[in-house]
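Q: generate a structure from the sequence data that follows.
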Amino acid sequence: MSTLRGAKRVIQDLKRHGYEAFIVGGAVRDYVLRQPLTDVDITTNAKPFQVAKLFKTKPTGLKYGTVTVFMGTETYEVTTYRIDGEYVDGRHPENVTYSESVMEDVMRRDFTINGLLMTESDEIIDHVEGRKDIERKLIRTIGNPLDRFNEDALRIMRAFYFQSKLGFQIDRDTRDAIAQMKDRLKDVSMERILVEMIKTLQGKYLKMAFQSMITTGVSKVLPGLHQGIEYTLSLDELPFVDVFFTLAFTLNGSVPSEWTFSNKHRHRYEIASALARDNKEIDAMMLYTYGIDLCLLANRVTYMLNRSKNRKTEIEALYQNLPIQSDLDLKLRATEIIKLANRKAGAWIKDIQTKMVIEVINRRLENNREALIEFVKTNLE
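A: Below you'll find the model as predicted:
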């Protein structure tokens, strides 16, 4: 985490060497709102190589004029005033031109609430009425919203993220532009959309953001999420990230391939939503097969969908009382089974282990060596 104190030291050092510099963006917004700060970014008329002469730095975004400055244990992204070139990929400018004017730098940014500047003496400089929009609790683009979203369509998702985080309304012209430009999201990396979606799901005012997604039609552009977004608006309790995705994909019927989930998370949502769609009562065999986390997630979703009772306590107790939780817990090893059978290793071993597991889980067979040996002998005859 970076702090204002360290950022002010960076600014003071830059100014001592004849440069301009300001804290900019989300840190200033959150400072005005008296909310906790995370990353503190700095904008300056010093070029990256000039910044590198004054500090220990790492070139983290030279194409866009950004270096990371190390100040003790803290880091700060320091970016040169710039004017963005054409946004050919709907996300990043093809090129940037350095500027000597902080005003030009501010005007290229996304929303007025993120266009505030702050000096090292805590003076707020506002060229875009961002402070007024904070007071009005309004999310509004800097300049023409169609231009801003045409430059970078991910800003559409960021509008919803800020709404979910702050509880602000989206300005009418900005909202209309989102509705008009929503299909541009199809040109944005799903990985970046997923990042903003997860951040949005963690916000205190998620329902406001979801309502805006529906009003603007964006919910229908997000693969497989529309029904989940609509349904969440009817809930008293907001779902966490995994619960929301599982609920949405349960209603959708599948996990769309477009989403760039990790293999672990894709598997999680596929299995949990399939269990929720089947809506069978969680029993010992299901707990053994899928594990407690997936079973609890499926039950949570079916409960939220009014398809079952909340069986969390019961499921946890059932899991704790499982006679085994893996075939490794069987008191008879595969090598011993091979000796008993006097046969070469093969698929038959897994088959007989599976039969043993089923019998043990259903408490029709004791998990002790003698009982398992007798079971193997009987099933090999």
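
Q: could you use CA atoms for every contact and neighbour count after this?
A: Noted.

Q: what residues does stretch 314-322 touch?
A: The contact list for stretch 314-322 (C-alpha atoms under 8 Å, 6 or more residues apart in numbering) reads I282, D283, A284, L287, Y288, I292, C295, L296, I361.

Q: out of the residues you listed, who's the most crowded?
A: Of all the contacts of stretch 314-322, the most densely surrounded is C295 (25 neighbours; neighbours counted as other C-alpha atoms under 10 Å).

Q: secondary structure class for that residue?
A: Secondary structure state of C295, per DSSP: H, G, I helix; E, B strand; the rest coil, is helix.

Q: quick one: contacts for it?
A: C295 is in contact with A272, L275, I282, M286, L287, I315, counting by C-alpha under 8 Å, 6+ apart.

Q: residue contacts, the third one?
A: Right, I282. Counting by C-alpha under 8 Å, 6+ apart, I282 touches C295, N299, I315.

Q: how about the CA coordinates for the helix or strand the second one falls within, as PDB?
A: When elements are defined using DSSP states H and E, N299 is found to belong to helix 292-304. Output for helix 292-304, consisting of C-alpha atoms alone and laid out as PDB, is shown next (Å, rounded to 0.1, in the frame of the first residue of the first chain):
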ATOM      1  CA  ILE A 292     -17.900 -29.900   1.400                       C
ATOM      2  CA  ASP A 293     -17.200 -26.500  -0.200                       C
ATOM      3  CA  LEU A 294     -19.000 -27.300  -3.500                       C
ATOM      4  CA  CYS A 295     -21.900 -28.900  -1.700                       C
ATOM      5  CA  LEU A 296     -22.300 -25.900   0.600                       C
ATOM      6  CA  LEU A 297     -22.100 -23.500  -2.400                       C
ATOM      7  CA  ALA A 298     -24.800 -25.500  -4.300                       C
ATOM      8  CA  ASN A 299     -27.000 -25.500  -1.200                       C
ATOM      9  CA  ARG A 300     -26.500 -21.800  -0.700                       C
ATOM     10  CA  VAL A 301     -27.600 -21.100  -4.200                       C
ATOM     11  CA  THR A 302     -30.700 -23.400  -4.100                       C
ATOM     12  CA  TYR A 303     -31.700 -21.800  -0.800                       C
ATOM     13  CA  MET A 304     -31.400 -18.300  -2.400                       C
END
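
Q: list the buried residues for it?
A: Residues I292, L294, C295, L296, L297, A298, N299, R300, V301, T302, Y303, M304 are the ones in helix 292-304 that count as buried (16 or more other C-alpha atoms under 10 Å).

Q: quick one: which of those is nearest D242?
A: L297 (8.0 Å; C-alpha to C-alpha).

Q: how close does that closest one get to T3?
A: For L297, the distance to T3 equals 38 Å [C-alpha to C-alpha, to the nearest Å].

Q: then N310?
A: Using C-alpha to C-alpha, N310 is found at 43 Å from T3.

Q: isn't I324 up against E359?
A: No - using C-alpha atoms under 8 Å, I324 is not in contact with E359; the gap is 11.0 Å.

Q: hmm, back to that, the helix holding N299: how far from the chain's middle?
A: From the chain centre to the centre of helix 292-304 is a distance of 20 Å (C-alpha atoms, centre = their mean, to the nearest Å).

Q: immediately after that helix, which helix or strand?
A: Moving toward the C-terminus from helix 292-304, the next helix or strand (DSSP H and E) is helix 312-320.

Q: what's the average pLDDT for that following helix?
A: On average, the pLDDT along helix 312-320 is 97.

Q: pull the CA atoms of it into CSV?
A: The C-alpha trace of helix 312-320 is given here as CSV (Å, rounded to 0.1, in the frame of the first residue of the first chain):
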residue,chain,number,x,y,z
LYS,A,312,-25.4,-25.6,6.1
THR,A,313,-25.3,-26.9,9.7
GLU,A,314,-26.6,-30.3,8.7
ILE,A,315,-24.2,-30.6,5.7
GLU,A,316,-21.2,-29.7,7.9
ALA,A,317,-22.2,-32.3,10.5
LEU,A,318,-22.8,-35.0,7.8
TYR,A,319,-19.3,-34.2,6.3
GLN,A,320,-17.6,-34.5,9.7
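
Q: now do that helix against helix 292-304, angle only.
A: 160 degrees (axes from the mean of the first three to the mean of the last three C-alpha atoms, to 10 degrees).

Q: buried residues, helix 312-320. List them.
A: For helix 312-320, using 16+ other C-alpha under 10 Å, the buried residues are I315, Y319.

Q: all good on my end, thank you.
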